[in-house]
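Chemist: just to be clear, the model below is a prediction. Sequence and coordinates:
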Amino acid sequence: MNSNKTPWFQKIPHAVTLLFFIIILTTTLTYILPAGTYEREVIDGRARVVPNSYHTIENAPLGLLDMFRSIPLGFKGAVEVIFIVLAGGIMFGIMEKSKAIENTVGTLVKTLGLRNKNLIIVLMTFVYGLLGIAVGYENNIAMVPIAAVLSLALGGDLVLAAGISVGAMTIGFGLSPINAYTVGTGHKIAQLPMFSGAGLRSVLCFMALSAMAYYNVWYFKRILKRPEKSLGMGLNTENLSLSKSLEDYKITWNNWLVLGTFLIGIGVILVGVFQWHWYLNELSAVFLMIAVATGILSKMNASEISENVLKSVALAAPGAFMVGFAGTIKAIMEQGQISDTISHNLALLLEGLPTHISAVGMMFSQTVINFFIPSGSGQALATLPVMIPLGEALELSRQTTILAFQLGDGLSNLLNPTLGGLIAMLSLCRVPLDRWFKFIIPITLTLYAIGAIFLLIAVTINYA
């Protein structure tokens, strides 16, 4: 037996290559699948699908020129996400130049002690998970680089940083019992009390975050014991690693001013998101304001700030490119008009299945759909008006159908290359998509198994 055989997950191609293969596959599907659409009705200002209204339309397959033309169209559609990656990178770059983040993390690790490394990883996993539950997804993008500094300070790598921050926030947001985009929209469509059934969802979310925390600690122990197993080997850690011994760290008054400015900015963002419905452009504006204020408070001159802006943009540019490149897939789907066809046929596959199996099948069908409709609320509006009546025909409660939808959407976000927010946050950790896949696939399979168990329980107890 050859012990040097390379594991299958080590053979995952480079992120750019992987996305290009998906672009080719999606273009090919416009020739294989018939174009089709559901009729839609506007309710409360949002368009949702009319059940049993699917019909085929004239095919619109994309040619070679159309496929490559979809690349700039993808960048155009993802411009807000692209810019928040750059704005977040600029803000973090200038904050890091001020030494505020490095001194804070160094002081934190010194205070808690290196003997509590595993505890720190568990606590931070849950902290980021709670941010996902209570605050949202892209709204937390500014918090991601802090995990990178913390992980390196503990002796981990950038992939572990992504597990602590991106992994936990994705799980927290995706399985949040109070997720307004998925559960909230689903409950409106199903005419259920808003955020009802929160008990089972809360237990599910806690168990999933516990699994993520355990996996992060397991990976950390593994790379400490065998550094050659680190998936972050060779990644750029410039301006992220601690530059001196822990005993020398303390937080200066200037650091407190910078941190205070950052926290005030985050507070303004939270108020803006929940009170004024701010989204990415407003968040980007606040990030840039924090960057300028940090530069001034740190007594940088105009040239120093300008040089740091361009340096930070250079570091964030690969991630920003990947966000736009991933947007190509959505552009192809819209032109080929096959999204509704995929949703319709996946729903048909569930008909006639036993009740318990159909619930799990619904979770996996929503997983597939999420790769083509990565917006949680958009997917809810596009699929739940079809899935809820289908679920009732299969003797599934409406609450169980929405749980299956939430699981399929939320868990697949961990490895969805078409989800701009995921690509954006990974880029701020400087973790390429292929390295992330190698890390996240094993725990994602475990989480799907946990999700399937909870769906079987929901069917058994007639979750309502």
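Modeler: Yep, it's here. Since the model is a prediction, treat every value here as computed from it, not as a measurement.
Chemist: next SSE downstream of the helix or strand of the chain with the lowest mean pLDDT?
Modeler: In the chain, no helix or strand scores lower on mean pLDDT, DSSP states H and E than strand 46-49, which sits at a mean of 80. Following strand 46-49 in sequence order, the next helix or strand is strand 55-56 (DSSP states H and E).
Chemist: for that following strand, name the packing helices and strands.
Modeler: strand 36-37 (3 or more CB pairs under 8 Å, 6 or more residues apart in numbering; DSSP states H and E). C-beta: built from backbone N, CA, C; applies to glycine.
Chemist: for the least confident helix or strand of the chain, buried residues please.
Modeler: Arg48, Val49 (16 or more other CB atoms under 10 Å).
Chemist: contacts for it?
Modeler: 38-42, 189, 340, 377, 381-383, 385-386 (CB atoms under 8 Å, 6 or more residues apart in numbering).
Chemist: run the last query once more with 7 Å
Modeler: Strand 46-49 has contacts (CB atoms under 7 Å, 6 or more residues apart in numbering) with Tyr38, Arg40, Glu41, Ile189, Leu381, Ala382, Pro385, Val386.
Chemist: what lines up beside that strand in the sheet?
Modeler: strand 40-43 (antiparallel) (DSSP bridges).
Chemist: contact partners of the partner strand?
Modeler: Ala47, Arg48, Val49, Val50.
Chemist: excluding its backbone neighbours, what's nearest Thr341?
Modeler: Gly36 (4.2 Å; CB to CB, 6 or more residues apart in numbering).
Chemist: in the sheet, who's paired with the one you found?
Modeler: Assigned bridge partners for Gly36, using DSSP bridges, are Thr56.
Chemist: can you give me every residue that contacts it?
Modeler: Gly36 makes contacts with Tyr54, His55, Thr56, Ile57, Gln337, Asp340, Thr341, His344, as judged by CB under 7 Å, 6+ apart.
Chemist: is Leu242 in a helix, a strand, or coil?
Modeler: State at Leu242, reduced to three classes by DSSP: H, G, I helix; E, B strand; the rest coil: coil.
Chemist: that one contacts Gly155, correct?
Modeler: No. Judged on CB atoms under 7 Å, Leu242 makes no contact with Gly155 at a distance of 10.4 Å.
Chemist: so which of the two has more stuff around it?
Modeler: The residue with more neighbours, out of Leu242 and Gly155, is Leu242; 18 against 14, by other CB atoms under 10 Å.
Chemist: if we can go back for a sec, separate out the buried members of the contacts of strand 46-49.
Modeler: By 16+ other CB under 10 Å, those give Tyr38, Arg40, Ile189, Leu381, Ala382, Pro385, Val386 as buried.
Chemist: low-confidence ranges, this protein, go.
Modeler: 1-12 (pLDDT under 70).
Chemist: all set now, cheers.
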